[in-house]
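Enquirer: what's the 3D shape of this:
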Amino acid sequence: MRDKLSLDDTNWLCLSRHYLTKKAKNADLLKVVHDICGLNAQGALTVNLSLWNRIENFDRNRLEEALYEKKTLVKTWCMRGTVHVIPSEDFPVYAQALKERLRIKWENFLKRRGISISKRKRKEIKDEILNLLSGKTLTRNEICRALGLEAREEKILVSRLLRELSYEGLVCHAKPLGPWYHFREYRFARVDNWLPKLDIDAVNPQDAKRKLLLWYFSSYGPASPQDFAYWTDLPVKEVKMIFDLVKDSLVQVEIEGLKGDFWLSEESLRILENKPLSYFSVCLLPPFDPLIMGHKEKSRIMDLAYKKEVFLPLADVAATVMVNGFVVGTWKFRRRMKNPIIEVRLFRRLEEKVMDAINLEIEQIIGFLEVENVEVKIDVLHS
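Expert: So this is what the prediction gives:
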């Protein structure tokens with residue numbers, strides 16, 4: 001007989017596996033990033049605040065060191081074609097598991113946009129870009145100047161080809177220009193220069209997909225194969241074939257209130273045995289936080305009446321206020337010159353102890369951001 005988990009059990013387990021019930025130590029930075037299957041890094045604050053939520057007294061200098069000095073972490077395009085930070089030693093798995101899907105989606109994107117540049121011409125320019133990046137890092141604008149491609153459309157083309165090279169596992173992000181909290185312009189590096197000891201071919205695509213699937217179910221379980229397909233953007237049909245090869249190493253469960261069958265690792269099930277009788281978790285997660293992006297079915301983490309408050313137009317995702325694994329509102333920080341502001345938008349009125357915890361989180365985030373004279377505004381959509 002399958003175990004039947006409550007939604008509270010399910011959310012506590014995901015919070016626990018994501019270091020949101022008990023934070024990790026700074027020394028465990030690499031383990032945290034591996035265990036949660038990477039961090040979305042489309043914005044500078046996003047990756048920092050995701051780690052601030054998960055690591056006690058998070059030292060952002062350790063992140064900079066890991067990314068750009070020791071290079072034990074690497075930033076590149078992967079899941080769903082978006083920029084993530086992953087452990088460098090995990091790079092071959094992500095690259096091999098996702099690059100074919102990324103390539104197909106990219107070709108379809110070019111067709112939809114009516115971009116008719118031939119594969120031969122694209123290859124010529126990509127080879128020139130790789131030659132320019134040999135032994136050094138460059139921004140897109142520096143690459144464009146070196147290639148004599150200065151027109152707006154030409155710069156857009158170079159941006160697209162840099163992304164294409166990243167999808168192929170040949171290029172990654174180097175240290176960007178700008179302060180730690182704002183990427184002014186990306187730099188790029190050749191993977192074989194940036195991570196010279198890395199052997200991308202050490203794992204074949206099918207083994208990489210199986211390994212990534214097991215990592216995912218360890219971090220995000222209980223989940224479904226459809227959730228993994230959503231998270232990676234791999235086709236559901238392909239995911240089901242991969243899943244059939246590894247499901248014997250997972251445990252099948254049901255979740256009260258949710259349709260379908262769900263799976264998790266045996267280790268996760270053992271962790272669930274240690275769930276306290278009561279717990280209290282309040283998090284202010286940044287936009288695109290991994291936990292928000294981890295499952296297709298969002299009713300497990302929010303009232304769907306407010307889904308459009310979180311999942312915004314143009315594929316944007318809001319920063320969220322989460323209480324015991326359930327989204328109760330959104331928030332945003334604006335670094336204005338004279339009076340920076342944090343705006344919180346709660347979906348409903350919350351009890352006093354929750355509001356106290358939210359205000360405490362806001363105070364601590366202000367300290368982490370190192371800003372002064374911050375205006376805090378809290379609105380409630382429904383009383």
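
Enquirer: please enumerate the helices of the stretch 251-383 of the chain.
Expert: 266-272, 290-293, 307-310, 352-369 (DSSP state H, counting those that start in this stretch).

Enquirer: quick one: closest of these to residue 19.
Expert: helix 290-293 (10.2 Å; C-beta to C-beta). For glycine as for every other residue, the C-beta is placed from the backbone atoms N, C-alpha and C.

Enquirer: what's that closest one packed up against?
Expert: Counting contacts by 3 or more C-beta pairs under 8 Å, 6 or more residues apart in numbering; DSSP states H and E, helix 290-293 packs against strand 39-40.

Enquirer: from the chain's centroid, how far away is the following helix or strand past the strand it packs on?
Expert: Next along the chain after strand 39-40, taking DSSP states H and E as the criterion, comes helix 44-54. Chain-centre distance of helix 44-54: 10 Å, with C-alpha atoms, centre = their mean, to the nearest Å.

Enquirer: just stretch 67-85 next, same as before
Expert: Chain-centre distance of stretch 67-85: 10 Å, with C-alpha atoms, centre = their mean.

Enquirer: go on, stretch 22-29?
Expert: 18 Å.

Enquirer: what mean pLDDT would you report for that stretch?
Expert: For stretch 22-29, mean pLDDT rounds to 97.

Enquirer: same question for stretch 74-85.
Expert: Rounded mean pLDDT across stretch 74-85 is 96.

Enquirer: and the end-to-end length of that stretch?
Expert: One end of stretch 74-85 to the other measures 6 Å (C-alpha to C-alpha, to the nearest Å).

Enquirer: pLDDT weak spots in the stretch 1-150 of the chain?
Expert: 1-2 (pLDDT under 70).

Enquirer: what ranges do the strands span in it?
Expert: 3-5, 39-40, 73-77, 83-87, 138-139 (DSSP state E, counting those that start in this stretch).

Enquirer: in CSV: those, plus distance to residue 106 and mean neighbour count.
Expert: Shown next, in CSV, are these (distance: least, C-beta to C-beta, whole Å; neighbours: other C-beta atoms under 10 Å):
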stretch, distance to residue 106, mean neighbour count
strand 3-5, 38, 15
strand 39-40, 19, 24
strand 73-77, 10, 24
strand 83-87, 15, 22
strand 138-139, 22, 18
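
Enquirer: residue 240 is nearest to which of these?
Expert: strand 3-5 (22.2 Å).

Enquirer: quick one: strands adjacent to the closest one?
Expert: Strand 3-5 has its sheet partners listed here by DSSP bridges as strand 250-255 (parallel).

Enquirer: can you tell me what sits against the partner strand?
Expert: For strand 250-255, the surrounding residues in contact (C-beta atoms under 8 Å, 6 or more residues apart in numbering) are 2-7, 10, 214, 217, 221-222, 261-266, 269, 300.

Enquirer: repeat that with 6 Å
Expert: Defining contact as C-beta atoms under 6 Å, 6 or more residues apart in numbering, one finds that strand 250-255 is touched by 2-5, 10, 217, 222, 261-264, 266, 269.

Enquirer: next: stretch 288-307.
Expert: By C-beta under 6 Å, 6+ apart, the residues outside stretch 288-307 that reach it are 18, 36, 40, 46, 50, 220, 226-227, 230-231, 317, 320, 327, 347.

Enquirer: which residues does stretch 192-207 contact?
Expert: 88, 92-93, 95-96, 135, 169, 172.

Enquirer: quick one, what contacts the residue nearest in space to the middle of the chain?
Expert: Taking C-alpha atoms, centre = their mean, the centroid of the chain lies closest to residue 40, which sits 2.5 Å from it. Counting by C-beta under 6 Å, 6+ apart, residue 40 makes contact with 46, 84, 288.
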